[in-house]
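Undergrad: below: sequence and its predicted model.
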Amino acid sequence: MTIAIKAVIFTESSRNVGGQELQLMQQMEALQQQGIACTLVCLPGGKVDAQARARGLTVVNAAFRNSAHLPTILTLRALLRHTRAQMIICHSGHDANNAALAARLLRPRPFVLRSRTYLAGRVKPLPYNVLADATMVPSHYLRNALLANPAIRPERIHVVYPGIDFAGIDSRSQQPLPEHVARWLAAGTGPLLLHVAMLRGEKGHLLMLEVLSRLLPRWPQLRYLIAGEGEARAVIEARIAALQLERQVLLAGSVLPASCLYRHADLLVMPSSYEPLGMSQIEALAQGVPVVASDTGGIPETIHHGDTGLLVAAEDVDAWVAAIDQALSAPERMRAMAAAGARDVRSRFSVAHNLQQILALQHAFATRQS
């Protein structure tokens with residue numbers, strides 16, 4: 001397919017950096033490597049703003065105060081007109097709606113592609129049927145969840161698996177650990193459970209603390225490293241103290257790149273109660289790290305149970321205790337599964353394939369418009 005596109009605008013109204021925001025920045029970098037100019041429009045002063053600028057990306061700030069914020073719409077319209085962008089990729093609710101409204105003030109108008117990585121609350125058809133020209137979701141699970149509302153047009157919802165920069169992960173995996181993490185790891189010798197996720201209730205940190213406390217009589221040297229930030233930090237800290245797990249658990253905060261942690265882990269755990277797809281388990285498998293994850297949401301699209309990792313019933317403490325005990329008891333088998341997982345994920349979640357799908361959606365829109 002010939003790529004006619006010359007410029008793309010990305011929008012993000014979140015302040016924090018998680019998997020979606022990192023994916024956005026990676027897409028910008030990959031498109032720029034193909035000669036496509038990219039600009040990110042985001043809130044001023046947040047972590048997204050800071051990290052994007054640190055990576056050398058072009059950033060414009062906007063307020064995104066609500067879903068129809070006139071100053072933001074005018075900023076986006078002026079930027080779209082100046083760059084002559086043929087596509088605008090948006091994510092969160094406020095930025096997606098403002099982007100769609102700005103695009104409709106131009107002729108010819110750019111293709112509006114919404115990235116929907118999460119569902120919370122009631123799904124309304126207007127953003128999918130009217131405001132966005134297409135919506136990309138990271139899993140068949142999430143597509144089916146959206147289409148549970150029969151009013152949403154299925155031809156507007158497309159599964160686009162995220163692209164993962166495996167070469168970059170390979171390189172960054174050899175970078176030194178943050179000093180506080182290195183000190184903590186050096187102080188112990190037991191098996192290490194690694195959990196890379198934002199600190200939110202559905203990510204399963206509290207469940208893992210219960211699991212850890214029950215495993216300690218059999219695995220007294222077991223350690224649990226949590227990498228991530230979020231609103232649940234205080235709750236997690238309180239539970240660590242209540243279970244007297246201060247010596248066994250490190251709340252490491254945000255560790256970027258997280259890939260430097262993988263080579264130290266015996267298991268990557270993903271005990272989420274809700275997960276549209278998940279990224280850390282894919283990255284860990286690519287590094288040959290064994291994975292134990294919840295059998296929920298889109299996670300089973302990334303792990304073949306018993307072949308490339310272990311899937312466990314979400315929120316079932318007994319099942320998680322048994323699964324981790326099984327995994328720790330059979331390290332060679334787990335490493336063999338992880339090696340098979342590495343071959344699998346590297347073949348299905350490449351950056352090139354992700355961009356090919358995105359550009360194909362834009363091309364289809366441009367063809368219909370011509």
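TA: Thanks, I have it. Since this is a predicted model, take the numbers as computed values, not measurements.

Undergrad: quick one, what contacts residue 348?
TA: Contacts for residue 348 (CB atoms under 8 Å, 6 or more residues apart in numbering) come out as residue 161. Backbone N, C-alpha and C define where each C-beta goes, glycine included.

Undergrad: so how far is residue 342 from it?
TA: 12 Å (CB to CB, to the nearest Å).

Undergrad: also residue 70?
TA: From residue 70 to residue 342 the distance is 49 Å (CB to CB).

Undergrad: neighbour count winner among those two?
TA: Shown here are residue 70 and residue 342; by other CB atoms under 10 Å, residue 342 has more neighbours (19 against 11).

Undergrad: tell me which helix or strand that one sits in.
TA: Using DSSP states H and E, residue 342 falls within helix 331-348.

Undergrad: got the CA coordinates for that helix in PDB?
TA: Taking Å, rounded to 0.1, in the frame of the first residue of the first chain, the C-alpha atoms of helix 331-348 are listed here in PDB:
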ATOM      1  CA  PRO A 331      11.200 -23.400  36.900                       C
ATOM      2  CA  GLU A 332      12.500 -25.300  33.900                       C
ATOM      3  CA  ARG A 333       9.000 -26.000  32.500                       C
ATOM      4  CA  MET A 334       8.100 -22.400  33.000                       C
ATOM      5  CA  ARG A 335      11.200 -21.200  31.200                       C
ATOM      6  CA  ALA A 336      10.400 -23.500  28.300                       C
ATOM      7  CA  MET A 337       6.800 -22.100  28.100                       C
ATOM      8  CA  ALA A 338       8.300 -18.600  28.200                       C
ATOM      9  CA  ALA A 339      10.600 -19.400  25.300                       C
ATOM     10  CA  ALA A 340       7.600 -20.600  23.300                       C
ATOM     11  CA  GLY A 341       5.800 -17.400  24.400                       C
ATOM     12  CA  ALA A 342       8.600 -15.200  23.100                       C
ATOM     13  CA  ARG A 343       8.300 -16.700  19.600                       C
ATOM     14  CA  ASP A 344       4.600 -16.300  19.700                       C
ATOM     15  CA  VAL A 345       4.300 -12.700  20.800                       C
ATOM     16  CA  ARG A 346       7.200 -11.400  18.700                       C
ATOM     17  CA  SER A 347       5.300 -12.700  15.600                       C
ATOM     18  CA  ARG A 348       2.000 -11.100  16.500                       C
END
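
Undergrad: strands along the stretch 201-350 of the chain, start to end?
TA: 223-227, 249-253, 267-270, 291-294, 310-312 (DSSP state E, counting those that start in this stretch).
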